[in-house]
Structure formats: C-alpha cells, structure tokens
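[1] Kindly generate the corresponding structure for this input.
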Amino acid sequence: MEQEKKASAQDDETVIPKKRPLNVVFIGHVDAGKSTIGGQILFLSGQVDDRTIQKYEKEAKDKSRESWYMAYIMDTNEEERDKGITVEVGRARFETETTRFTILDAPGHKSYVPNMISGASQADIGVLVISARKGEFETGFEKGGQTSEHVLLAKTLGVTKLLIAVNKMDEPTVNWSKERYDKIMEKMTPFLNSSGYKKKDVQFLPISGLLGSNLKTRVDKSVCPWWNGPCLFEALDAVEVPPRDPNGPFRMPIIDKFKDMGTVVMGKVESGTVREGDSLLVMPNKVPVKVLAIFIDEDKVREAGPGENLRVRVSGIEEDDILSGFVLCSVVRPVPAVTEFVAHLSIKELLDNAIFTAGYKAVLHIHSVVEECEIVDLIKEIDPKTKEPKKRKPLFVKNGAFVVCRIQVNNMICIEKFNDFSQLGRFTLRTEGKTVAVGKVTDLPTVGENA
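    A predicted model of the protein is given here:
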C-alpha cells in the first residue's frame, strides 16, 4: 500500500490520491447517538475488529451502559466513557467506493460547543444526528437543545452539505414509523432553510446506529418497507463538495503541534499543494521553515493537496513558537496577518437582550483561531429586505440585525477576505458560551497587511 502511494506520488507532479479525501463532522444533541454511529461505521468498514467490540461491550456492561459499547470506539478517554459524552474531537477514518473519510466526532454537550467549532471548521460535510425517540427529538431541537445551534455553526463554518440521520428508528416508541420520521422532517426543513441550507444541500435518511441499520447497506424492506432511498454510506459517497484549488497559494491552518524528530504541525490543507523540501512561512510570526516530511495518517507521502489532513515535519521553528490558529503558507503569497478587519455580521442572539454597539466584547472563532475581540465601530446597518445600507450610521443594533462593523483583536491573526478565501474568512462571535453573531470578513487594512 505504502509503495503504491509512493509510486503514485512520483508519477504525477500534482498528486491526486485515487480517492477524494473528505472530512465528515457528526453533530447533534448530546444523546442523539453520534458516537454510536461513528463506532458502527468503523466496525462495518472493517476498521475495528470483533475482539475490540467485545472488549468494549464488556466494559460498557461493567459500567451498566450496555447500549453505549459502540460509542466507546470513538470516545477515547476515561471521562468520556464514564459520562458517555464526547469531549475532545474524536478522529477516525474509513473508506467507501470513491472516498477516504475522516470522521470528526463533534461533542454535543452545551459546555463543549468550542470543541464542536474546531471540529466543524475542518469539515467538508456534516451529518446531523437526530434522535427519533419520543421526547428526545423535542429536547434536542426545541427546549434550548443543541441541535439548532449546531446547525447554525456548521453553516457558518463552511459545512455546505448536510445529511440528516434520523437515528434510533428501532426504538420501541418509534418502531420505524413513517409518521414519526415525516413529522421530524416537517419540523426540521423550515429551520434548515432559515439557517441557509437549501433543499438540494440537505438529505434526510432513517437509521439505527445501535443495530447498524441503513448505514453500510440499505435497511431491509421487512424492517422498513417505506424507505426507498440510499443508506448512509451511499449518501456520503454521492455528496459533491465545493472544488478546491491544488494550484492556489498554499494554506494550512495549524490545529495542533508536537515534537517528533523536529517540529510537527497538524492541519487540513485548504488550498495549494505541499511538497517535501518546500520552503514555506509560518504566519503571523513570519518564520521561514523547510518541509522535511509529510504524513497522511501513517503514510509518508512526497506531496499532498487540498482537503488532506496532514502532519508536516518542518525545520526552522520551535514547537513552542507555534500556536493553534497559526497558518503554514506560501512564501510568495503569504496569508494576511492583521489585528483589525471589517466584517459583515448577522446578529443572532444577544444575551439578555443586550445591545450590540461599539465596545461590545466577544470571543472570535475563525478557522482554528480563538481570540478575544472588540467591536470598535458600527459602520452601517443593512436593511434585510432591500439589502441596501440604511441612511443613518447605527449607534447600536439588536437581534436579527445585519451590520457592517470594524473588529479588533489583541494579537495578530491570520485571516482572508471571505470572497478571496471563504474557509479563512468566515467566523462566529460567542459570548458566555452562546453564539451571538456569525460573520464574513469583507475588508482587511491595506497598511501593515503583513505587518
């Protein structure tokens, strides 16, 4: 396998692996069954053997959590297993006919939304897991549950396609009921629409994560006579994602770093191609580095293009000098580094009906950057109906407003204009654990752009 990969890397300069790489993020309310589905997928695609499953089953029984053994595959640390919730963004891989998938298992619990953000910011496609069980769908969706916030975040973070997996269809209260499935679809569709997901970008399908029904193979007609659509694997395979440019300027936001025979940085390539021996820059601290080795999973490769999750070993920089949110990029066309920018903001839900005005402080999440920021100027308010700026410069705005404003951060951050580079130009603002606004970078200062 490794020989094959190496050979193909040598044959063609812009190496495109035979299967396209895709990152999938599983999102949804805390008990919707995300980890269980992730575990089943790994089991069904042969990534985990029977013995491991048996071990987890026993471990789950010992903790009197019988139905959670599949989730143990995804939940790797003790705390997660004890509480039955996923905290770190779990990672796992599997392949289908045409695609190499990396699963990012995003946590669903309210206090863990920042983890969900870092998971979603690396995702190409989202699987929103909804529990069909009586009461659980309602809790997740209506009563201050996570479902709606997650959908909003996924959209903001560039997850353009969403599969809606209606899970727990095998549950006695549901029993593969078409009525229950249709009711959930009916409730979700207008909401998805208002979050910016058009009909063509969304697909619903019924599944059972615990039993593995309708995941790798279509659910049996004797179990669910009314379903004629695809299973999850088929639906994932058929998803078309936005094109990425292998010849564009190299951009890899850094999500993690460690020491291993030198400094190793991890991230997903958003644009361009990296080759062994390349000279690159780490921004915003402008440190020139040389690429010593590139890894996709455990395989060492000569080069890699957009969409790949990489570990890149570099020389010329110490691990301590790299922070999450820094960007490994082209020397000729480096990523801009700024401390302020102009953005178009959509105000979602301010806390306690607070007003949004100059001086408002929040936490900015943009690709892998997390920084405190301040709104320094409201430039203009946009009328949602006419899309034109209102005549008067606003002093403040409220929930639901669209506003152009200037935002300042304390430290240099690497961002791009949304129109030049959507992955590095979309962001969320959060206050006290709630998403208060979502936005797009529209302008960067010309002076000191790369200061």
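[2] how close does L42 sit to N309?
    Counting by CB to CB, to the nearest Å, the separation of L42 from N309 is 16 Å. Where you see a C-beta, it was placed from the backbone N, CA and C, and this is true even at glycine.
[3] before we move on, what about V369?
    18 Å.
[4] what do you get for P243?
    Here P243 is placed at a distance of 18 Å from N309 (CB to CB).
[5] out of these two, which sits in the busier spot?
    N309 (22 against 7; other CB atoms under 10 Å).
[6] could you point out which element follows the lowest-mean-pLDDT helix or strand in the chain?
    Across the helices and strands of the chain, mean confidence by mean pLDDT, DSSP states H and E is lowest for helix 2-11: a mean of 41. Downstream of helix 2-11, the next assigned helix or strand under DSSP states H and E is strand 20-27.
[7] Any buried residues in that following strand, and which?
    Buried positions in strand 20-27, judged by neighbour count with 16 or more other CB atoms under 10 Å: 21-27.
[8] and that strand, average pLDDT?
    Strand 20-27 carries an average pLDDT of 84.
[9] what helices or strands is the helix or strand just after it leaning on?
    Remark: after strand 20-27, the chain's next helix or strand is helix 34-44, criterion DSSP H and E. Applying 3 or more CB pairs under 8 Å, 6 or more residues apart in numbering; DSSP states H and E, we find helix 34-44 packed against strand 20-27, strand 90-95, strand 99-105, strand 125-131, helix 232-238.
[10] Find the one among these with the highest mean neighbour count.
    Burial of the helices and strands packed on helix 34-44 is given as mean neighbour count (mean count of other CB atoms under 10 Å); strand 125-131 ranks first at a mean of 27.
[11] Parallel or antiparallel, list what pairs with that one.
    The strands beside strand 125-131 in its sheet (DSSP bridges) come out as strand 20-27 (parallel), strand 161-167 (parallel).
[12] In CSV: those strands, plus distance to V274.
    CSV is the format used below for those (distance: least, CB to CB, whole Å):
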stretch, distance to V274
strand 20-27, 14
strand 161-167, 26
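[13] Minimum distance to K290: which of those strands has it?
    K290 lies closest, by CB to CB, to one member of those: strand 20-27, at 24.6 Å.
[14] Mind listing residues that contact that closest one?
    Residues from elsewhere that reach strand 20-27, judged by CB atoms under 8 Å, 6 or more residues apart in numbering: 34-35, 37-38, 98-106, 108, 116, 119-120, 122-129, 150-151, 153-154, 159, 236, 239, 241, 268, 296, 307-309.
[15] repeat for stretch 251-263
    Stretch 251-263 has contacts (CB under 8 Å, 6+ apart) with 118, 121-122, 264-272, 274, 282, 292, 310, 312-315, 317-319, 322-330, 335, 367-369, 414, 421, 423-424.
[16] Narrow those to just the buried residues.
    118, 121-122, 264-272, 274, 282, 292, 310, 312-314, 317, 322, 324-330, 335, 367-369, 414, 421, 423-424.
[17] Find the nearest non-adjacent residue to P242, please.
    Among residues not flanking P242 along the chain, T160 sits closest, at 6.0 Å (CB to CB, 6 or more residues apart in numbering).
[18] measure the one you found to T339 for me?
    From T160 to T339 the distance is 30 Å (CB to CB).
[19] same question, T217
    From T217 to T339 the distance is 53 Å (CB to CB).
[20] and those two? which has more neighbours close in?
    T339 (17 against 13).
[21] Isn't the more buried one up against V409?
    Yes: in this structure T339 lies within contact range of V409 using CB atoms under 8 Å: 5.6 Å.
[22] Could you list the low-confidence segments of the stretch 101-250 of the chain?
    Scanning the stretch 101-250 of the chain with the threshold set as pLDDT under 70 gives 105-122, 143-145, 157.
[23] ok, E308 to I103 distance?
    For E308, the distance to I103 - CB to CB - is 15 Å.
[24] And for G158?
    From G158 across to I103, the span is 17 Å (CB to CB).
[25] chain center to stretch 352-363: distance?
    26 Å (CA atoms, centre = their mean, to the nearest Å).
[26] typo on my end, stretch 163-172
    Chain-centre distance of stretch 163-172: 22 Å, with CA atoms, centre = their mean.
[27] Ok, stretch 130-137 next?
    That offset, for stretch 130-137, works out to 23 Å (CA atoms, centre = their mean).
[28] count of residues packed around G439?
    25.
[29] ok so it is a strand residue?
    Yes: assessed by DSSP: H, G, I helix; E, B strand; the rest coil, G439 belongs to a strand.
[30] what about the helices in this protein?
    Applying DSSP state H to the chain gives helices spanning 2-11, 34-44, 50-62, 78-83, 113-120, 136-141, 147-156, 178-194, 232-238.
[31] ok, the buried residues of strand 20-27 vs S208, which is closest?
    Proximity of the buried residues of strand 20-27 to S208 (CB to CB) peaks at F26, which lies at 15.2 Å.
[32] Bridge partners for that closest one, pull those for me.
    Assigned bridge partners for F26, using DSSP bridges, are D105, V127.
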